[in-house]
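Visitor: Just a sequence and a predicted model for now, questions to come.
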Amino acid sequence: MGDREEDEELQMALRMSLQGSPPAQPEPKRSKPPPPAAESPEAEARRKQRELMAAAAEKRLRAAASPAAVSLARSSPQPVVVEPVPSPTPAPEATKAQEEEPEQAGVSMEEAKEVVVVEEEEEEKGEELPPDVAENLWAMVFGGGVSKAVLAQWSNQGIRFSSDPETTMGLVQHEGGPCGVLATVQAYVLKYLLFFPDDLSNPEFSNPLYTLGQRRFYQSSFAAGDDFSSLTDDRKTRALVHAMVEILFLCGTGKRAVVASVARANRGKIDAVLEDLSVESAMDLQKVLRTSTFTSRKDAFITLLANIPLFESRLGAMLFLISALLSRGLEDIQADRDDPSQPLVTAPFGHASQEIVNLLLCGEAVPNVFDGKMDLGGGMSLKGIPNNVEVGFLTLLESLNLCKVGQYLKCPKWPIWVVGSESHYTVLFALNPNVQEENELEERESKIRRAFDAQDQSGGGGFISVEGFQQVLRETDINFPSDKLEDLCNAGIIVWSEFWQALLQLDKRAGGMKDPTGLMGKKQFTIFHFNGIAKSVLNGNASAGGSCPIQRPRLCKLNVTVPPRWTQDEYLADVVSASTSSSSKDDSILSLAPPVQTNQHAPLVDCIRTRWPRAVCSWAGDVPSIV
């Protein structure tokens, strides 16, 4: 009886709130069992639904009070997002459940889906793309002569997690082209799974201002765990949604995010809608694509959370790329590029271009990986990464001297990197942010060298006067024994090579470079590499039945040792010639040189050495693959 009265009051409120608004579909009747003595799960679900509908009615009443607001609501392409209203007197069972699962304190998956159901009962979501915009978008992504094979790659790749327990944190790639999109999204997903596991229920957590304090804490004192098999589906889904929201708002300069979807792909109908759907031209895209624009991260989070099944579907990677492009704006995308005449999906194999990867990493579709712009003269310049990034990028091409990755991408805010090879993108990540910290002795060496060069009046000859030497010692807190100091000053000038050799023999507690621990600044840490590829591998030795072995997603754990830049053993080989020829060292020669002692080697190691010069790596099992 009580439920019936509440429904009648609710229907009255809805009728009042809808006055002056376009007619909506009538609410379907729901049969309700008699209320039990204690609130059952079914009763709790009904209560939540009533609260959602009451919130919708209240929101419509407020909007109806202002004719301008009603007009805006009718003309706006944005979906109406209903915020759940907490119960004033929660049931004891609900309170206990919240205490046991704190991550559910925010917007739940069911609440998000119920919000979208209310919206979809009122009207079809999103806007159609104008035909000319669809044409421009299609030409920008695929060009004019795209093959059916490339279209098949991009229209059959969802954004889905691996089902294997050891790689459950990773996104699976079944097709060859969209790896640039998947690997970049994967990098952001790892940021949230590893370093913000307790904040995934907060729909506004991707806001940079909100996360500033948490970022300082995690970067200074937090190391993530590696028990990936314990991750729940809910945590992974929320991390994915946070990653998508952050990327889209990054593309929208922090002001907006555009979410692309498919017409009539409502909850429970996605498979049926996509079953016979073919997207092979701009006209096909224009017919089925719908877009919604958000200026609120919370609204975008709730909508994406409810529509995750669509992005898990076979069109997921394509829809997310389109969302990122529209969030940036097609005109701005073309302005970012050095050669806007070329398609973003490269021929003939349909790989994601560096412009796509850079768009998702830094919010701009620039084609290069160096820092800032490179002035070519005559008013011409090449565009690189404009500022610091959350997750970075390393590439095998740098080890082959085909490009130079700048410090923005090499030293991101979090120890996570997309790794590029000639034809594939994978992900490298560490659990502890301190792997990014500079070597203490290297920092000190740089400080001493700067002080020495400031006193060098020889035009780069590598020597200074005794008076200048005394100034260097004062600025750098170096305390030589009196006999050693006299030896250095006897000649009336101090040569850098002799000074540096003396520092290598002076204990660092006296301001020198000799490490009493014997490590000499050596770093040791663990890093992980994830390759999400999972596809049939053609093999001439396949069984008579025609079955082919399957390459599965793989997570590889690498032990990395980074020797110090300078040691006494390497002094004569590396220091003397470099220090006497120029006042500043050319690090590019040494940084990519092979280590004195090699352990295990693979192309991935060459990528790692572009970030940590002369690193030595080892691992168990098969060689980690970046193809």
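Guide: Cool, the structure landed.
Visitor: Next secondary structure after the helix or strand bottoming out on mean pLDDT in the chain?
Guide: The weakest-scoring helix or strand in the chain, judged by mean pLDDT, DSSP states H and E, is helix 587-591 (a mean of 34). Toward the C-terminus, helix 587-591 is succeeded by helix 603-611 as the next helix or strand (DSSP states H and E).
Visitor: Could you name the helices and strands sitting against the helix or strand that that following helix is followed by?
Guide: Per DSSP H and E, the first helix or strand lying C-terminal to helix 603-611 is strand 616-619. Under the contact definition 3 or more CB pairs under 8 Å, 6 or more residues apart in numbering; DSSP states H and E, strand 616-619 sits against strand 554-562, helix 603-611. In short, each C-beta sits where N, CA and C put it, glycine included.
Visitor: what domains does the record give for this structure?
Guide: If you go by the TED database, the domain ranges for the chain are 127-365, 440-510.
Visitor: mean confidence score for the last one?
Guide: The predicted model assigns domain 440-510 a mean pLDDT of 87.
Visitor: Just tell me which of the helices and strands packed on strand 616-619 ends up closest to residue 331.
Guide: Closest to residue 331 of those is helix 603-611 (CB to CB; 34.2 Å).
Visitor: Next, the angle strand 554-562 makes with that closest one.
Guide: 40 degrees (axes from the mean of the first three to the mean of the last three CA atoms, to 10 degrees).
Visitor: Name the surrounding residues that touch helix 603-611.
Guide: Contact with helix 603-611 is made by 394-396, 398-399, 405, 410, 417, 419, 421, 428, 527, 529, 558, 560, 591-592, 615, 617, 624-627, as judged by CB atoms under 8 Å, 6 or more residues apart in numbering.
Visitor: sec struct for residue 431, please.
Guide: What DSSP: H, G, I helix; E, B strand; the rest coil gives for residue 431 is coil.
Visitor: Help me confirm that it comes into contact with residue 225.
Guide: Yes. Using CB atoms under 8 Å, residue 431 is in contact with residue 225, at 7.1 Å.
Visitor: Looking at these two, which has the bigger crowd around it?
Guide: Legend: neighbour count by other CB atoms under 10 Å for residue 431 and residue 225, higher for residue 431 (18 against 9).
Visitor: give me every residue that touches the nearest residue to residue 294 once chain neighbours are set aside.
Guide: Distances taken as CB to CB, 6 or more residues apart in numbering place residue 300 nearest to residue 294, at 4.0 Å, with adjacent residues excluded. Contacts for residue 300 (CB under 8 Å, 6+ apart) come out as 245, 248-249, 257, 259, 294.
Visitor: would JSON lines of those with neighbour count be doable?
Guide: Listed next are the contacts of residue 300 as JSON lines, based on neighbours: other CB atoms under 10 Å:
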{"residue": "245", "neighbour count": "27"}
{"residue": "248", "neighbour count": "27"}
{"residue": "249", "neighbour count": "22"}
{"residue": "257", "neighbour count": "29"}
{"residue": "259", "neighbour count": "28"}
{"residue": "294", "neighbour count": "24"}
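Visitor: Between which two of the residues you listed is the distance greatest?
Guide: Across the contacts of residue 300, no pair lies farther apart than 249 and 259, at 11.1 Å, counting by CB to CB.
Visitor: What ranges in the protein fall below the confidence cut-off?
Guide: 1-125, 208-224, 265-268, 439, 458-461, 516-521, 535-550, 565-599 (pLDDT under 70).
Visitor: what about 50?
Guide: Applying pLDDT under 50 to the chain flags the ranges 17-36, 64-105, 118-123, 537-546, 568, 571-598.
Visitor: so who does residue 128 touch?
Guide: Per CB under 8 Å, 6+ apart, neighbours of residue 128: 286, 289-290.
Visitor: Check the gap between it and residue 600 for me.
Guide: 54 Å (CB to CB, to the nearest Å).
Visitor: contacting residues around residue 316?
Guide: With CB under 8 Å, 6+ apart, residue 316 has these contacts: 157-160, 310.
Visitor: And these, which two are furthest apart?
Guide: 157 and 310 (13.4 Å).
Visitor: Could you identify which of the domains of the chain is most buried?
Guide: Mean neighbour count (mean count of other CB atoms under 10 Å) peaks for domain 127-365 among those, with a mean of 19.
Visitor: And that domain, end to end?
Guide: Taking CA to CA, to the nearest Å, domain 127-365 runs 25 Å from one end to the other.
Visitor: do stretch 394-404 as well
Guide: 10 Å.
Visitor: buried sites along it?
Guide: Applying a neighbour-count criterion of 16 or more other CB atoms under 10 Å, one finds 394-399, 403-404 buried in stretch 394-404.
Visitor: Pull the strand or helix carrying residue 483 out as PDB, backbone CA atoms only.
Guide: Taking DSSP H and E as the definition, residue 483 sits inside helix 482-489. The C-alpha trace of helix 482-489 is given here as PDB (Å, rounded to 0.1, in the frame of the first residue of the first chain):
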ATOM      1  CA  SER A 482      95.600  20.100   2.600                       C
ATOM      2  CA  ASP A 483      98.200  18.000   0.900                       C
ATOM      3  CA  LYS A 484      95.900  17.100  -2.000                       C
ATOM      4  CA  LEU A 485      94.800  20.800  -2.300                       C
ATOM      5  CA  GLU A 486      98.500  21.800  -2.500                       C
ATOM      6  CA  ASP A 487      99.200  19.300  -5.300                       C
ATOM      7  CA  LEU A 488      96.300  20.500  -7.400                       C
ATOM      8  CA  CYS A 489      97.400  24.200  -7.000                       C
END
